[in-house]
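Engineer: Here you go, sequence then predicted model.
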Amino acid sequence: MKRDGKKTIRTFADLKTAGERLALVTAYDYPTARLADEAGVDGILVGDTLGMVVLGYETTLPVTMDEMLHHVKAVTRAQTRALVIADMPFLSYQASDEEGLRNAGRMLKEGGAGAVKLEGGERVVPLVRRLVEAGIPVMGHLGMTPQSVRQFGSFRLQGKSPEAAATLLEDARRLAEAGCFAIVLELIPCELAARITAEVSVPTIGIGAGADCDGEVQVMHDLLGLFDWFVPRHTRRYAELAGVGVEALRRYVADVRARRFPAEENTFHAKEVGAPGVSKRRQASGG
Ligand code: KIV
């Protein structure tokens with residue numbers, strides 16, 4: 001299937017039907033959204049991992065609607081061909097469906113996103129229905145759902161027992177029936193992810209869920225090695241930008257201290273630009 005046009009939730013469905021994999025990545029600002037789009041990703045998730053990889057929180061729990069909207073707007077300003085999916089932060093949709101609807105609506109109306117993502121299974125089914133009825137495309141998220149980390153105890157594999165696996169499979173079916181256009185499966189055994197993928201009609205997007213999902217999503221900072229203090233097992237480093245960045249900044253610091261920077265080519269002379277207080281006539285006469 002050709003992938004060069006603007007991606008929509010229809011594209012996601014068509015790619016599953018065609019048996020082609022979807023590649024998604026997170027981005028949280030304008031320049032990285034442009035890089036992701038140039039690389040040809042199908043979807044950009046403005047994930048609430050924002051809290052951990054950009055804002056320095058220990059979990060995603062403190063992230064607010066205002067913080068999410070701020071970053072969603074930056075990403076959508078990049079006018080990407082990729083579908084932009086805005087993550088609903090903790091407590092933006094759990095207190096009531098009414099509040100969930102208003103906050104999800106803000107992601108599209110103010111943020112310019114093409115869809116929202118929210119975590120949970122059966123519990124969020126009524127909300128998913130309401131959002132879809134209101135015209136808001138919804139991506140589901142099952143497995144290791146980071147907003148429940150305090151309940152799980154840590155970021156660990158889910159769906160290990162037969163009962164837990166059966167619940168996840170049923171949750172995925174219910175989310176698809178409720179109208180989710182895709183479902184993220186995070187940190188679950190690959191056999192379970194393969195079964196869910198075979199049994200639900202909408203694309204599954206894995207992260208730590210093996211190679212049989214219909215697509216994959218990864219955190220950009222993990223792929224690019226933008227920090228070097230933690231490498232999750234489910235990711236692969238395609239670059240080591242933290243090291244490259246520190247080395248470049250060290251050279252900058254050394255150049256400034258040694259008076260090698262700024263150099264002549266970085267410098268403006270009064271006679272080129274008309275410096276304040278120097279009249280045009282005096283410049284022209286060289287005075
Ligand atoms: O917030 C996020 O980036 C996510 C992905 C890891 C799926 O939910």
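Structural biologist: Happy to help now that I have it.
Engineer: how about stretch 83-95, does it get close to the ligand?
Structural biologist: Yes. Contact of stretch 83-95 with the ligand (Cβ under 6 Å from any ligand atom) involves Asp87. The way it works is simple: take the backbone N, C-alpha and C, and place the C-beta from them, glycine included.
Engineer: avg pLDDT for that stretch?
Structural biologist: Mean per-residue pLDDT for stretch 83-95: 98.
Engineer: Over to stretch 124-144?
Structural biologist: On average, stretch 124-144 scores 98.
Engineer: Phe261 against Val253, yeah?
Structural biologist: No. If you go by Cβ atoms under 8 Å, Phe261 and Val253 don't touch, sitting 9.7 Å apart.
Engineer: The two - which one has more neighbours?
Structural biologist: Phe261 (13 against 10; other Cβ atoms under 10 Å).
Engineer: In a helix, the more buried one, correct?
Structural biologist: No. Counting by DSSP: H, G, I helix; E, B strand; the rest coil, Phe261 is not part of a helix but coil.
Engineer: tell me which element Ala164 falls in.
Structural biologist: helix 162-178 (DSSP states H and E).
Engineer: Just the residues contacting that helix, thanks.
Structural biologist: 121-122, 124-125, 128-129, 132, 140, 142-143, 158-159, 183, 185, 188-189, 192, 195-196, 199-202, 204 (Cβ atoms under 8 Å, 6 or more residues apart in numbering).
Engineer: Surely Val116 forms part of a helix?
Structural biologist: No. Counting by three-state DSSP, Val116 falls outside a helix, being strand.
Engineer: what residues are up against the nearest residue to it once chain neighbours are set aside?
Structural biologist: When the adjacent residues along the chain are set aside, Val116 lies closest to Ala104, with 4.6 Å between them (Cβ to Cβ, 6 or more residues apart in numbering). Ala104 sits next to Met88, Tyr93, Val116, Leu118, Leu131, Ala134, Ile136, Val138 when contact means Cβ under 8 Å, 6+ apart.
Engineer: Now stretch 72-84: buried residues?
Structural biologist: Going by neighbour count (16 or more other Cβ atoms under 10 Å), the buried part of stretch 72-84 is Val72, Lys73, Ala74, Val75, Thr76, Ala78, Thr80, Arg81, Ala82, Leu83, Val84.
Engineer: quick one: the fifth one and Gly111 touch, right?
Structural biologist: Yes. Counting by Cβ under 8 Å, Thr76 sits close enough to Gly111 to count as a contact (6.2 Å).
Engineer: for the stretch 101-250 of the chain, what spans make up the strands?
Structural biologist: Ranges of strands within the stretch 101-250 of the chain are 115-117, 138-143, 182-186, 204-207, 215-218, based on DSSP state E, counting those that start in this stretch.
Engineer: Next, format these as a markdown table and append mean neighbour count and distance to the ligand.
Structural biologist: Output for the strands of the stretch 101-250 of the chain, formatted as a markdown table (neighbours: other Cβ atoms under 10 Å; distance: least, Cβ to the nearest ligand atom, whole Å):
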| stretch | mean neighbour count | distance to the ligand |
| --- | --- | --- |
| strand 115-117 | 26 | 7 |
| strand 138-143 | 28 | 6 |
| strand 182-186 | 27 | 5 |
| strand 204-207 | 28 | 5 |
| strand 215-218 | 23 | 5 |
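Engineer: Thr8 is nearest to which of the ones you listed?
Structural biologist: Comparison of the strands of the stretch 101-250 of the chain against Thr8 by Cβ to Cβ identifies strand 115-117 as nearest, at 9.0 Å.
Engineer: Run me through the strand neighbours of the closest one, direction for each.
Structural biologist: Strand pairing for strand 115-117, determined by DSSP bridges: strand 83-87 (parallel), strand 138-143 (parallel).
Engineer: Now do Leu142 against Ser148, distance only.
Structural biologist: Noted for Leu142: a distance of 11 Å to Ser148, by Cβ to Cβ, to the nearest Å.
Engineer: which bits of the stretch 151-287 of the chain sit near the ligand?
Structural biologist: Selection of the stretch 151-287 of the chain residues close to the ligand by Cβ under 6 Å from any ligand atom yields Val184, Glu186, Ile207, Val217, Val219.
Engineer: Isn't the third one up against Leu185?
Structural biologist: By that I understand Ile207. Yes. Look at Ile207 against Leu185 with Cβ under 8 Å: they come within range, at 7.5 Å.
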